[in-house]
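# please find the sequence and the predicted model below.
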Amino acid sequence: MIEEEQKITDRRGETVEENRKKGILYIVVPCYNEEEALLPSAKSLLDKLDALRESGIVSDKSRIVFVDDGSRDKTWELITQLYHEHWEITGLRFAHNRGHQNAILAGMMYAKDYCDYTITIDADLQQDINALPLFIEEYENGSEVVFGVRNSRNTDGFFKRFSATVFYKVMRFMGANIYENSADYRLMSAKALDALSEYGEVNLFLRGIIPDIGLKSSVVHFDVFPRMQGESKYSLSKMMTLAADGVTSFSIKPIRMVFGMGILALLVGFGMVIHIVYEHYFGYTIDGWSSILMSIWVLGGAVLLSLGIIGEYVGRNYLETKRRPRYYFWDVLSHDNTQSEGGENL
């Protein structure tokens, strides 16, 4: 006699497979000065969410959460308009600009109390929203985190392609568990969000933190389209800051490399001492300014570089020890509860 297959059930008595079907999805959209792109993007996301609900893929309680990262244009006014016109819309507003990573985190931390899973996507919708069902399918198959990975970088310029390639290779060399060409287009389950909430870093690099959580994960590949409205708000300085956060948050290899450079410089110095003594007794002792200048420039540059790297780590430790809030909500517009305004920090 063949025994019936035993199914794993949750605390509500539902099988795990059934419980992951038609879950509550919260789409988190960070925004910074996106007045030109916001309304077209909101329409596309609302249409997509309607299609997912009608097809029975997501729950009717699913929402879209726009996080205004201290915009200086009319972004918040447009989010307020959308909130009053559509019950699916939630708006979160920072008191001032706190950065793209904090905006993503704020939206996810808000959503974790209401949703079964979140999907984060940029406000310009360069990332293909038609990949949303693929993310959800991976979640229904048991993945707690689904990473979005770009199919190609054809829409980027040469400098951005080159710098991104170098960045990912450096991060892998430093020991970070990061997917090459990954983006902040990802799905995270409520379980993964609870785990992420335990991470207290002020200097956030979510692309490195989330893989370190260690829950079951999978990958979805997607296309990236040219930006249709407005200009990219991710400047070179912001990309450099993100790269610095990534390197210093996940590796002490630069400090160890400085230590290795110091040993190498010491060995070279000993070698130069032996060379000078030899030349003094057996060779020519002609004073030369070139060798002195070379020594000054090389060793001086190495010292300054070493101090800069160490200083970067010391500075970031200083920021972490202050334990200041990552962000502060100036306004909250939500149909999830009765509170529509007020402040909240994290």
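Yep, that arrived. Numbering: from 1, shown residues only.

# C-alpha only now, for contacts and for neighbours.
Will do.

# let me know the pLDDT of residue 103.
Looking at residue 103, its pLDDT is 92.

# how is the chain divided into domains?
The domain map for the chain lists 16-233+326-345, 253-322, with the assignment taken from automatic domain parsing.

# just the strands in the chain please.
In the chain, the segments counted as strands under DSSP state E are 25-31, 63-68, 89-94, 117-120, 145-150, 182-189, 217-222, 328-333, 341-345.

# ok and the second one relative to strand 328-333, angle-wise?
So that's strand 63-68. 140 degrees (axes from the mean of the first three to the mean of the last three C-alpha atoms, to 10 degrees).

# would you put the C-alpha positions of strand 63-68 in CSV?
Extracted C-alpha coordinates of strand 63-68, given in CSV (Å, rounded to 0.1, in the frame of the first residue of the first chain):
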residue,chain,number,x,y,z
ARG,A,63,-0.1,47.7,-2.9
ILE,A,64,2.4,50.0,-4.5
VAL,A,65,4.7,52.0,-2.1
PHE,A,66,6.3,55.1,-3.4
VAL,A,67,9.2,56.4,-1.2
ASP,A,68,10.1,60.0,-1.7
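
# that one packs against which elements?
Under the contact criterion of 3 or more C-alpha pairs under 8 Å, 6 or more residues apart in numbering; DSSP states H and E, the helices and strands touching strand 63-68 comprise strand 25-31, helix 75-85, strand 89-94, helix 100-111.

# at 10 Å what do you get?
In this structure, strand 63-68 packs against strand 25-31, helix 38-54, helix 75-85, strand 89-94, helix 100-111, strand 117-120, strand 328-333, with contacts taken as 3 or more C-alpha pairs under 10 Å, 6 or more residues apart in numbering; DSSP states H and E.

# direction included, what does it pair against?
Within its sheet, and counting by DSSP bridges, strand 63-68 is paired with strand 25-31 (parallel), strand 89-94 (parallel).

# could you export stretch 144-153 as PDB, CA atoms only?
Only the C-alpha atoms of stretch 144-153 are listed here, as PDB (Å, rounded to 0.1, in the frame of the first residue of the first chain):
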ATOM      1  CA  GLU A 144      12.800  33.600  -0.100                       C
ATOM      2  CA  VAL A 145      14.900  36.000  -2.100                       C
ATOM      3  CA  VAL A 146      14.900  36.400  -5.900                       C
ATOM      4  CA  PHE A 147      17.700  38.500  -7.400                       C
ATOM      5  CA  GLY A 148      17.200  40.400 -10.600                       C
ATOM      6  CA  VAL A 149      20.200  40.200 -13.000                       C
ATOM      7  CA  ARG A 150      20.500  42.300 -16.100                       C
ATOM      8  CA  ASN A 151      20.700  40.400 -19.400                       C
ATOM      9  CA  SER A 152      23.100  43.000 -20.800                       C
ATOM     10  CA  ARG A 153      24.400  46.600 -20.300                       C
END
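
# buried sites along that stretch?
144, 145, 146, 147, 148, 149, 150 (16 or more other C-alpha atoms under 10 Å).

# residue 310 versus the closest residue to residue 38 other than its chain neighbours, what's the distance?
Leaving aside its chain neighbours, residue 38 sits nearest to residue 123 (6.6 Å; criterion: C-alpha to C-alpha, 6 or more residues apart in numbering). Remark: distance between residue 123 and residue 310 (C-alpha to C-alpha, to the nearest Å) = 36 Å.

# same drill for the two, tell me which one is more crowded.
Using other C-alpha atoms under 10 Å as the criterion, residue 123 and residue 310 rank with residue 123 on top: 23 against 15.
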